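Trainee: Need a 3D model of the sequence below.
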Amino acid sequence: MKKSKILGILIHLIVLALFNALYFGLGGVNHPASAWISYGFIHFSYIIMIITPFITQRGKDRGTYAATMYTITSIYFFIELIVGSIIIIIAPEGLKFSLFSQLIMAAVFLIFLFSNMMADEHTAKAVEKHEAELVYVKESCSKLKTILNAINDKQMYRKVEQAYDLIQSSPVKSHPSVYAIEGQVINEIDNLSFAVHNGDASAITTSAEKVVKLANERNRLLRLAN
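Mentor: Model prediction:
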């Protein structure tokens with residue numbers, strides 16, 4: 001376990017130990033039900049804040065998701081600590097005020113928390129989809145750029161450059177109806193790379209023209225799909 005994690009655990013244990021020392025040291029063990037209810041909810045809010053990293057949406061922007069989650073859980077904990085401490089100090093005999101006020105705060109908090117988790121999940125899926133859609137253009141252009149760097153013949157260079165310019169300017173957003181043809185484009189680029197490596201001018205021309213044809217067909221189908 002990393003040293004930072006061990007120190008973090010120790011800090012949490014110190015906070016809990018201090019709170020319990022104050023609760024039992026100043027008030028003993030004979031507290032009314034209203035105080036025990038607040039005692040339990042304060043611990044609940046603190047535990048939720050501690051486990052925030054484990055309930056944070058994973059993904060490329062996890063840091064952003066975690067910051068928002070920490071804000072929500074921290075606000076709830078501090079509000080709960082203030083309200084709960086006041087109730088513990090006042091120690092009303094009836095438990096209704098303590099119970100229902102704590103339940104209302106917890107319910108509002110959980111609604112905000114779950115709503116934020118749903119929003120984060122939706123955002124993460126949208127980002128993941130966007131990244132997947134970028135693969136076709138990014139991978140194709142990367143391979144074609146490498147191929148262009150390996151061509152010395154100006155005529156062959158222009159043919160491959162035409163394919164590169166076409167794909168580079170193609171729509172990034174994809175659609176299931178063009179997934180297959182995108183795969184064909186990438187496979188044909190691999191064939192083009194093989195032809196360039198072998199110095200086969202005829203195969204280079206054939207593959208470059210096929211890439212252009214497939215890329216144009218992909219863009220046409222994409223326009224129809226959208």
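Trainee: Could you say which helix or strand holds Val160?
Mentor: Per DSSP states H and E, Val160 falls inside helix 154-168.
Trainee: what packs against the very next helix or strand once past that helix?
Mentor: Later in the chain than helix 154-168, the nearest helix or strand by DSSP H and E is helix 179-198. For helix 179-198, the packing partners by 3 or more C-beta pairs under 8 Å, 6 or more residues apart in numbering; DSSP states H and E come out as helix 96-149, helix 154-168, helix 201-225. Where C-beta positions appear, they are placed from N, C-alpha and C, glycine not excepted.
Trainee: The last one: which residues count as buried?
Mentor: Going back to what we said before, that points to helix 201-225. Neighbour counts over helix 201-225 (16 or more other C-beta atoms under 10 Å) mark 204-208, 210-212, 214-215, 218-219, 222 as buried.
Trainee: wouldn't Asn219 be in contact with Lys173 here?
Mentor: No. Using C-beta atoms under 8 Å, Asn219 is not in contact with Lys173; the gap is 11.2 Å.
Trainee: Is Thr52 in contact with Thr73, as I believe?
Mentor: Yes. Contact criterion C-beta under 8 Å: Thr52 and Thr73 qualify, at 5.0 Å.
Trainee: Can you pick out the residue with more neighbours from those two?
Mentor: A direct count of neighbours by other C-beta atoms under 10 Å for Thr52 and Thr73 places Thr73 higher, at 23 against 18.
Trainee: show me the contacts for that one.
Mentor: Thr73 sits next to 45, 48-49, 52, 113 when contact means C-beta atoms under 8 Å, 6 or more residues apart in numbering.
Trainee: at 6 Å instead, please
Mentor: 48-49, 52 (C-beta atoms under 6 Å, 6 or more residues apart in numbering).
Trainee: I'd like the average pLDDT over stretch 71-79.
Mentor: Stretch 71-79 shows a mean pLDDT of 92.
Trainee: That one: how far from the chain's middle?
Mentor: With C-alpha atoms, centre = their mean, to the nearest Å as the basis, stretch 71-79 stands 22 Å off its chain's centre.
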